[in-house]
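Visitor: Task: produce atomic coordinates for the following.
(2 chains, ligands or ions: 2)
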Amino acid sequence: MPPTAHAAAPAAAPPAALPQGSPVPNRPITLFINGHDHVVMVEDRTTLLDALRERLHLTGTKKGCDQGQCGACTVHLDGQRVLACLTLARQAEGSAIATIEGLAGADGTLHAVQAAFLAEDAFQCGFCTPGQIMSAVACIREGHAGSEAEIREYMSGNLCRCGAYPHIVAAVQRAAAALPSEASS
Amino acid sequence: MSPLDISPQRGDAGDGIGGRPPRIDGLAKIRGEAAYAMDQPVEGLAHAVLVTATIAAGWVRGIDRTAAEAAPGVLLVLTPGNTPPLHAASTWTGEAPPTSEYRPLEPEIRHVGQQIALVVAESLEQATEAATLLRVDYEAAPFLADFTVPDAGEGQDLPPLTIERGDADTALASADIRISAEYGTPREYNVPIEPHGLTARWDGDALTLWEPSQWLDGMARNYAEWFGIGFEQVRLISPYIGGGFGSKALALPHGAIAAQAARMLGRPVKLVLTRPQTFTAFGGRAATRQLLELGADADGHLLAIRHRGWQETSRNGLWVEPLNAATALMYEVPHLSSRQRVVPVNTVTPSAKRAPGENPSAFALECAMDELAYALGQDPLALRLRNEPGRDPHSGKLWSSRRMREAYAAGADSFGWARRNPTPGAMRDGPLRLGWGMAAGTYPVRRSAGEAMVRILADGGVEVASSTSDMGTGAYTILAQTAASVFGLPLARVRVTLGDSTLPRAPVSGGSQMAGLMTGAVDKAARAAREELIGLALNDPRSPLRGVANTLAVAEGRLIAPRGEAPPLPIAELLTAIGRDRVEALRDTLAENGLKPEDRYRAFTTVSTMRAPTDGEYSMHSWCAHFVELAVDEALGSVRLRRIVTAFDAGLLYNPRLAESQIKGGIVMGIGQALLEGGIVDRRHARVLNNNLADYLLPTHADIPPIEVISVGEPDPHASALGGKGVGELGIVGLAAAIANAVFHATGKRVRDLPITLADLC
Ligand code: FES
Ligand code: FES
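Guide: Numbers count the residues shown, from 1 in each chain, chains lettered A, B, ... in the order given. Ligands and ions are numbered 1, 2, ... in the order given. As a prediction, this is how the structure comes out:
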């Protein structure tokens, strides 16, 4: 599934402000996020997560550890789930990037996974939730939502300190049932 | 099944109190639109990175800033040598500070990870790089790595925690059956997935802070005192919090230095702790040790408990984790002796983690009760029932409600406890040994005053506003339900604004008190607004309902005459007719808590007016009983949980859907405590080695079995205005003991030090 457009996203954002006095080259790159091109100034060392959050103000993707250990920063790169804190922004050039902000339909219709998270109360503080949802969408698409045990195994890269795990598993099952074609593809 | 199909369940009360509507803040959270503190767009932001000490004790002799200051994009480098002091702030308990100055960057080092410098740059990448360029010259001093090193000694006595009831020594000596055992819990960390951090911006002498907060008014007071400005000049904004579990209630040193940098620079500064820094910038649960001796007669009646506790604290701060909180309360025991000592070591000052006191207390007591049951040859549940107290054995007061028997019965029944073969190792599933264990838990009802504004709008909708916060507790939703109940409105017509220190006041969202006190405050304000509305409808010359009846009811957004004297009038029409755009009421519950208007500031910005669970006629607590099944693979020493049933009495549940989630969340954290979590101290350097999420193991999806939670509570009119008792901390209390007891049942091995790992069972 290609990333869907987000109603509020501009077609192409102007380059974000250049940090002053930087000799580490800040170069404009184009990131294709949620169906739109965004031109953004980044250093070679800028992570995709910091490019999204600090430069493009797409703050739905969360930073829980910045070390690849919590899953809060999970986004999709060409349909695959990746950790945005372990991906350099430049590595994502030329790929289709999908974030939580682009998951609902252009008309605001919730993705089945989002709706299931609401129905099952699959979160408390909500901070891990964008990452859990992006992982869950991929988990179902990968065909790893066949049983509770399988969901637990394939969702274990996403930590939830509020302990919403049983409800997240229920939400993934509910969404998988509503998305039969994806689950079997 | 449609993904959005939310089926009603038993006990459903629609959108009002006691109903099960989904979270009203849920939509923003699942869309990625909920703006947490670190998500707030602030113009002209500079980024800060904290630099921390690598020694455990000694002094910073100097820091060479040259290279860092010359690095690209660097705006400011603060060290102990170039940072002016702030004013010392009074404590969260309301005590005056011992000194007049506070230095957020001190040359004297008392623990590894203490903040010693701050680097501010145009970008996060630049600040991160420049922070590595500081050259720190230390003078190291001897240190105490933790409370197990011999030099740490026995620490200091904590006389306020001493209990001497009867004569425990004599009673123990004459008891038919005695057990004696020592239990330990390691340093545990709160680890909310949202790291601590803030953005601070000054506009003249006014300070705006975007910072996750469990206590907006308390933290705002602290910042105001640090910077010598008025409380009203600080605005703290925290509409969403990515978890706290006790760790986000106080202003912390990193907040002081970030706000100070913002003032010195004249620019907003954003500082987010790195994940490793979250293990040393503030404390988690103190490491504890407890020696318990239990004596009983041959029938299993408890005669005496002798309890000795030790806990860590820091060299420069005192945190008390009351280790007899459950010991003195759970069972009928005529003779009890309890003492506690606190041992200062070179660590950050420990702090509140979910159920401070009750949690380690119940771990030791509930394991010891299991040991006693085996010593007596009795069923652990039967032993507990035999010693169920009719009143609080400590205060002597009657329970406001204690549905412990009901919890035991409901939990045991659903779990199938009667089918348990008590012999350790007797229950098997192929090569696996099964363990069935149980334990009880408790958490007190704490009470403070609250304040809320309820506003009826011209369109007939209602607004609720308070500075209290929602860290996943469900505050937004249950406060909307409270107002919905009073006005008979659907939830969609109620808007709740929280998490801004300029709103009506609220005390700390901690000690599981928020829901009880804030539903009370909102209920009171909503009723006052409703009364005023009805008064206007009956008396305003322009009201279509003027004089039609003595009183009116309000339901479904309409004013209704009791005997149909006039057709129901939509609230919106009344407001239009009388030329008002709103009717509002601001109410507090100071008087209900024995306080006066002049206590308002102190009541909301300190905990000095928080009431004990025994303040008043009754002793008030929530209760729970956990039942656990696990499987142990003896070849590997691995423990896998299979299922958990927890029955609990937390009084009325304002929203059972959300309360069940919170209880399950406590259980999940208890699983981590039992099997995974513990700070590993490298005693050579006094460092916590596992200061990250790969090495400090949190429970993952794969660790969690099916969990069933059963509410056996009934409304407790003494505990809160609407009849609820505390939920947030209850679920974790006793859970680790239930797991440890199940491990014994599976293997015959008593593991008394948490976490229980492969090494204990191989
Ligand atoms: S922030 Fe990327 S995995 Fe934690
Ligand atoms: S909902 Fe709070 S961390 Fe998952």
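Visitor: What residues are bridge-paired with B:R306?
Guide: B:E293, B:S337 (DSSP bridges).
Visitor: Please tell me how far it sits from B:V454.
Guide: 52 Å (C-beta to C-beta, to the nearest Å). No exception for glycine: its C-beta is placed from N, CA and C like everyone else's.
Visitor: Which one's more surrounded, those two?
Guide: Using other C-beta atoms under 10 Å in any protein chain shown, the more surrounded residue of B:R306 and B:V454 is B:V454, with 31 against 20.
Visitor: ok, is stretch A:28-39 in contact with chain B or not?
Guide: No. Using C-beta under 8 Å from any C-beta of the partner chain, stretch A:28-39 stays clear of chain B, coming no nearer than 10.6 Å.
Visitor: Can you give me the domain assignment for chain B?
Guide: B:3-34+B:448-605, B:38-142+B:190-279, B:354-445+B:614-761 (automatic domain parsing).
Visitor: show me where chain A has strands.
Guide: A:12-13, A:26-33, A:36-43, A:74-77, A:80-83, A:96-98 (DSSP state E).
Visitor: If we go by neighbour counts, what in the second one is buried?
Guide: By that I understand strand A:26-33. A:26, A:29, A:31-33 (16 or more other C-beta atoms under 10 Å in any protein chain shown).
Visitor: Direction included, what does it pair up with?
Guide: Strand A:26-33 has these strand partners (DSSP bridges): strand A:36-43 (antiparallel), strand A:96-98 (parallel).
Visitor: Let me see the residues that make contact with that strand.
Guide: When contacts are defined by C-beta atoms under 8 Å, 6 or more residues apart in numbering or on different chains, strand A:26-33 is touched by residues A:3, A:9, A:15, A:18-19, A:37-44, A:48, A:51-52, A:56, A:58, A:89-90, A:92-99, A:102.
Visitor: on that earlier part again, most packed of the strands paired with strand A:26-33?
Guide: strand A:96-98 (a mean of 24; mean count of other C-beta atoms under 10 Å in any protein chain shown).
Visitor: List the residues that contact the residue in chain A that chain B sits nearest to.
Guide: Nearest residue of chain A to chain B, counting by C-beta to the nearest C-beta: A:G60, 2.2 Å away. By C-beta under 8 Å, 6+ apart, A:G60 lies in contact with A:99-101, A:130, B:31-33.
Visitor: filter these by proximity to ligand 2?
Guide: With C-beta under 6 Å from any ligand atom as the criterion, those include none near ligand 2.
Visitor: between those residues, which is nearest ligand 1?
Guide: A:P130 (11.1 Å; C-beta to the nearest ligand atom).
Visitor: burial of the closest one, as a residue count?
Guide: Count around A:P130 with other C-beta under 10 Å applied: 29.
Visitor: And B:R546, how far from chain A?
Guide: B:R546 sits 44 Å away from chain A, going by C-beta to the nearest C-beta, to the nearest Å.
Visitor: What of B:Y696?
Guide: 10 Å.
Visitor: Pull the contacting residues for the residue sitting nearest the centre point of chain A.
Guide: In chain A, the centroid-proximal residue (C-alpha atoms, centre = their mean) is A:V75; its distance is 2.7 Å. Neighbour list for A:V75: A:48, A:52, A:61, A:81-82, A:84, A:97-100, A:134 [criterion: C-beta under 8 Å, 6+ apart].
Visitor: Could you list everything it pairs with in the sheet?
Guide: Bridge pairing for A:V75 - DSSP bridges - gives A:V82.
Visitor: Which pLDDT value belongs to it?
Guide: Per-residue pLDDT puts A:V75 at 98.
Visitor: What of the one 10 residues further on?
Guide: According to the predicted model, the pLDDT of A:C85 comes to 98.
Visitor: so what secondary structure elements neighbour the helix or strand bottoming out on mean pLDDT in chain B?
Guide: Scoring the helices and strands of chain B by mean pLDDT, DSSP states H and E places strand B:553-555 at the bottom, with a mean of 91. Contact here means 3 or more C-beta pairs under 8 Å, 6 or more residues apart in numbering or on different chains; DSSP states H and E; on that basis strand B:553-555 packs against helix B:475-487, helix B:514-539, strand B:558-560.
Visitor: so, in contact with chain A or not, the first one?
Guide: What it means is helix B:475-487. No. Applying C-beta under 8 Å from any C-beta, one finds helix B:475-487 separated from chain A by no less than 10.0 Å.
Visitor: Following the chain past that helix, name the next helix or strand.
Guide: The helix or strand immediately downstream of helix B:475-487 is strand B:494-497, counting by DSSP states H and E.
Visitor: can you tell me the residue of the stretch 201-350 of chain B closest to ligand 2?
Guide: Closest point on the stretch 201-350 of chain B to ligand 2, by C-beta to the nearest ligand atom, is B:G243, at 4.7 Å.
Visitor: B:T700: what's it in contact with?
Guide: A:156-157, A:159, A:165.
Visitor: Of the strands paired with strand A:26-33, which is nearest ligand 2?
Guide: When the strands paired with strand A:26-33 are compared (using C-beta to the nearest ligand atom), the closest one is strand A:96-98, at 20.4 Å.
Visitor: Centre of the chain to the closest one, how far?
Guide: Counting by C-alpha atoms, centre = their mean, to the nearest Å, strand A:96-98 is centred 8 Å from the centre of its parent chain.
Visitor: Equivalent analysis for stretch B:393-407, please.
Guide: With C-alpha atoms, centre = their mean, you get 23 Å for stretch B:393-407.
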